[in-house]
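Q: Model the structure of this input:
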Amino acid sequence: RFILGEPLTKRRLFGLAAAVCGVTLLTARGDLAMLAALTFHPGDAIMLFAAFCFACYSVSLSRLDQEVRGNTFIFLMFVISFIFLLPPAAWELSRGMDLHFTPMAVTGIFYLGVVASIFCYICWNGAIARLGAGNVALLYSTMPLIGGFEAAMLLGESLQWFHFASGALIITGGLVATRK
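A: Next comes the predicted model:
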């Protein structure tokens, strides 16, 4: 409530708890004892910071004027990201990294640049404009689930019982929390 000014109802808390349980079950691959053996690495801290930044982005997006939203804000975010990525790219090139623009590399760059960046940000911004940041944030927990199903479809990973159980928890949690 303190960030968006939206009340934290029992329904929303229950939905959030169900979604967190689903993500936890998925992370533990169905074996909750596995959580005790989890180790954390520097990359985990970077990912937690990235998730925090994305949450700040989503909240700030809901507070922007309609005139600044949309393509203007996306363009500004891409310019800032480009500036922040220049030093690491320069460092890699200075260390002798070779660039090979194979068809697979160009396809990957196109996917990351157009689909995963522009298209997804337009959809995310539109969802926040229509549903509000609080409701959309609760549905963010579906990303690990979607990643698991993409791994099954694209990489041939096998689906296990915990994928479906965690999926039921995550989807139920999201529906309960966002239902009016």
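Q: all helices of this protein, in order?
A: Remark: helices assigned in the chain by DSSP state H are 10-27, 42-63, 71-94, 103-110, 120-131, 133-139, 142-155, 161-178.
Q: Counting by contacts, list what the second one packs against.
A: Spelled out, it's helix 42-63. helix 120-131, helix 133-139 (3 or more Cβ pairs under 8 Å, 6 or more residues apart in numbering; DSSP states H and E). Where C-beta positions appear, they are placed from N, C-alpha and C, glycine not excepted.
Q: between these, which one is nearest to residue 23?
A: Smallest distance to residue 23 across the helices and strands packed on helix 42-63 (Cβ to Cβ): 11.7 Å, for helix 133-139.
Q: could you give me the average pLDDT of stretch 168-180?
A: The average pLDDT for stretch 168-180 rounds to 84.
Q: Find the nearest non-adjacent residue to residue 179, please.
A: residue 11 (6.9 Å; Cβ to Cβ, 6 or more residues apart in numbering).
Q: And residue 100, its phi and psi?
A: Backbone torsions of residue 100, given as degrees, to the nearest 10, read phi -120, psi 110.
Q: quick one on the thing from earlier: reformat the helices of the chain as CSV; add mean neighbour count and distance to residue 35.
A: Shown next, in CSV, are the helices of the chain (neighbours: other Cβ atoms under 10 Å; distance: least, Cβ to Cβ, whole Å):
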stretch, mean neighbour count, distance to residue 35
helix 10-27, 17, 7
helix 42-63, 12, 14
helix 71-94, 11, 33
helix 103-110, 10, 33
helix 120-131, 15, 29
helix 133-139, 20, 22
helix 142-155, 13, 15
helix 161-178, 18, 13
